[in-house]
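[1] Compute the structure for the input listed below.
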Amino acid sequence: MEDKPGVADSPMAVSPDNVSKELLVSSAAALDTNADKRLRWAFRKVDATLLLVLIGSNILNSMDRANLGLSKVAGLEADTGMRGSDFNVVVSMMYPTYLLGMLPSNLMLRKFGARIWLSLITVVWGVINMCMAFAKNRTDFILCRLFLGAAESGATPGALMLITLWYPREMVTSRVALFYSAFAAGAIIGGPIASGIMKIENPRFRSWEWIFFIEGLTTASFGLLMFFLLADYPEKSWLLKKNEKALLKQRMEQDQAEGGHRPVNRNRMWIHIRDPLIYSQALILFCANFGVNTILTFTAIIVNQMGYSPSAAQAMQAAPGICGFVGILLSRYYPKCSFGAIGIGPGWVMSNTGGPTRSAVSSALNVAHGGLGALCTSYIYRNQDAPRYLFGHGMNLFAGLLSVVMAIVARTIIRRRNMKKDTSPIDISRLTRDEVLDLENDHPDFRYVG
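    Below is the predicted model:
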């Protein structure tokens, strides 16, 4: 007679050791899940504090750039004796110092930290806008615009640097898109606010002077608030709990280890400077800034020349701003579709950098091309072309078509390079570790995002 298998011999039996192992595994999984939840909550707090402050600063930046065009329809040009192309010259004077001030501003940013420097320059450009309320002629406005460009030159690079210090690489692109959506948001609220300010009746100030003074005062006040809300690194924030700081610090250290952060390689720098992909992507932002600066500076002027009152023209600036805002947000969720070139362009550049040298070169060229696009836009809507402004509209149409062409060129280059990596990758077996890291985008495992 055969013995029946006992409980201990049954395949369904569970030993105490197995039970302990299963409990350990389930406990570890539960801990990981809880840690992920706490980390996601910590990043949500960063979104609601740091990112929201940076977006607010960029909204005010957008409004301050737009107030010149909004003031023109309120009588600025006539009151200050400007004629012919004087207004276009005044608009353009911001961008030479904006471009020239980027390098020294970035050096000061690294010396003093983003919290101090961003707060300071925000207060400064707010005060400069307040000073424009007291400008009496073209020369006064040119001087104010030159100083304004120098003050604002560090705002966008500083905000982008702060985002990269607080978010891992896979989260950066979506936050950059949200940051750039502030340009459109500024257009949405700036026009109606200016329309409301125009209704202030005071014999000491003209309506356009109130626009500069009130919006400048708002910006300067917000700059003071930024000093208390911003922090250079997660561990320096007083808005986060101690365990949240530790989680964020650990995640960012992991991201840096995975990214292999290294100093800029000069030999690789010259290779990247000659890369047509960088220029094709930078030209997208160059073209996008035609539309952005047209909305911010010339929309109210164009609408006013169509026969609408100054107040109505200012309020109607919100319409193209709404379209731009929706487009930039769509580009965050559908990045392969160019709904918002101003938001997707910088994000596309940042997601195709395989190392610090590539990142430094592409970021510098991208921002420079954006500034050049804004400078060119200053001269395409001339008084002599009113009220139809065919030259300005034609240039915007050309810029839009060129951006589509550049996007196709960039995607073609990306597709060919990825195919080449699949068919004939670089042999790295004989390279040292440092040489492999210096390959950056040429590394056989790197794939371009397109």
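[2] following the helix or strand of the chain with the lowest mean pLDDT, which helix or strand shows up next?
    Ranking every helix and strand in the chain by mean pLDDT, DSSP states H and E puts helix 341-350 at the bottom, with a mean of 62. Using DSSP states H and E, the next helix or strand after helix 341-350 towards the C-terminus is helix 356-377.
[3] now what about the strand or helix carrying residue 279, what contacts it?
    Per DSSP H and E, residue 279 falls inside helix 276-293. With C-beta atoms under 8 Å, 6 or more residues apart in numbering as the test, helix 276-293 has contacts from 65, 183, 272, 324, 341-342, 345-346, 348-349, 352, 361-362, 365-366, 368-374, 376-378, 380, 395-396, 399-400, 402-403, 406-407, 409-410, 413-414, 417, 448. In short, each C-beta sits where N, CA and C put it, glycine included.
[4] CA atoms only for it, dumped as CSV, please.
    Extracted C-alpha coordinates of helix 276-293, given in CSV (Å, rounded to 0.1, in the frame of the first residue of the first chain):
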residue,chain,number,x,y,z
PRO,A,276,23.3,71.4,-39.5
LEU,A,277,20.7,69.7,-37.1
ILE,A,278,21.3,72.3,-34.4
TYR,A,279,20.8,75.2,-36.9
SER,A,280,17.7,73.7,-38.4
GLN,A,281,16.2,73.4,-34.9
ALA,A,282,17.3,76.9,-33.9
LEU,A,283,15.8,78.3,-37.1
ILE,A,284,12.4,76.9,-35.9
LEU,A,285,12.6,79.2,-32.9
PHE,A,286,13.8,82.1,-35.0
CYS,A,287,10.7,81.7,-37.2
ALA,A,288,8.4,81.2,-34.2
ASN,A,289,9.5,84.4,-32.6
PHE,A,290,8.2,86.3,-35.7
GLY,A,291,4.7,85.3,-34.7
VAL,A,292,5.2,85.6,-30.9
ASN,A,293,6.6,89.2,-31.1
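[5] Can you identify the element that follows it toward the C-terminus?
    The helix or strand immediately downstream of helix 276-293 is helix 299-305, counting by DSSP H and E.
[6] What backbone torsions are found at residue 82?
    Dihedral pair for residue 82: phi -80, psi 140, per degrees, to the nearest 10.
[7] What residues does it make contact with?
    76, 90, 138.
[8] Can I get the host helix or strand of residue 223 in CSV, CA atoms only?
    Using DSSP H and E, the element containing residue 223 is helix 207-229. The C-alpha coordinates for helix 207-229 follow below in CSV (Å, rounded to 0.1, in the frame of the first residue of the first chain):
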residue,chain,number,x,y,z
SER,A,207,-3.3,106.5,-20.1
TRP,A,208,-0.2,104.9,-21.7
GLU,A,209,2.0,106.2,-18.9
TRP,A,210,-0.2,104.4,-16.4
ILE,A,211,0.3,101.1,-18.4
PHE,A,212,4.1,101.3,-18.0
PHE,A,213,3.9,102.4,-14.3
ILE,A,214,1.4,99.9,-13.0
GLU,A,215,2.7,96.9,-14.9
GLY,A,216,6.3,97.8,-14.0
LEU,A,217,5.4,98.2,-10.3
THR,A,218,3.7,94.8,-10.4
THR,A,219,6.8,93.2,-11.9
ALA,A,220,9.1,94.8,-9.4
SER,A,221,6.9,93.6,-6.5
PHE,A,222,6.8,90.1,-7.9
GLY,A,223,10.6,90.1,-8.1
LEU,A,224,10.7,90.7,-4.3
LEU,A,225,8.3,87.9,-3.8
MET,A,226,10.5,85.6,-5.9
PHE,A,227,13.4,86.1,-3.4
PHE,A,228,11.4,84.4,-0.7
LEU,A,229,9.8,81.6,-2.8
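[9] Look up how far residue 64 lies from the residue nearest to the spatial centre of the chain.
    Centroid-nearest residue in the chain, with C-alpha atoms, centre = their mean: residue 180, separated by 4.2 Å. Distance of residue 180 to residue 64, computed by C-beta to C-beta, to the nearest Å: 16 Å.
[10] Please apply the same query to residue 376.
    Computed as C-beta to C-beta, the residue 376 to residue 64 distance reads 20 Å.
[11] More neighbours: which of these two?
    Of the pair residue 376 and residue 64, residue 64 is the one with more neighbours under other C-beta atoms under 10 Å, namely 25 against 18.
[12] Quick one: end-to-end length of stretch 46-60, please.
    Stretch 46-60 has its terminal residues 20 Å apart, counting by C-alpha to C-alpha, to the nearest Å.
[13] which residues touch it?
    Contacts for stretch 46-60 (C-beta under 8 Å, 6+ apart): 118, 122, 126, 155-156, 159, 162-163, 166-167, 175, 178-183, 185-186, 189, 215, 218-219, 222-223, 225-226, 229-231, 234, 237, 239-240, 248.
[14] Now with 7 Å, please.
    Contacts to stretch 46-60, defined as C-beta atoms under 7 Å, 6 or more residues apart in numbering, come from residues 122, 155, 159, 162, 166, 175, 178-179, 182-183, 185-186, 218-219, 222, 226, 229-230, 239.
[15] out of those, which are buried?
    Among the contacts of stretch 46-60, the ones that count as buried by 16 or more other C-beta atoms under 10 Å are 122, 155, 159, 162, 166, 175, 178-179, 182-183, 185-186, 218-219, 222, 226, 229-230.
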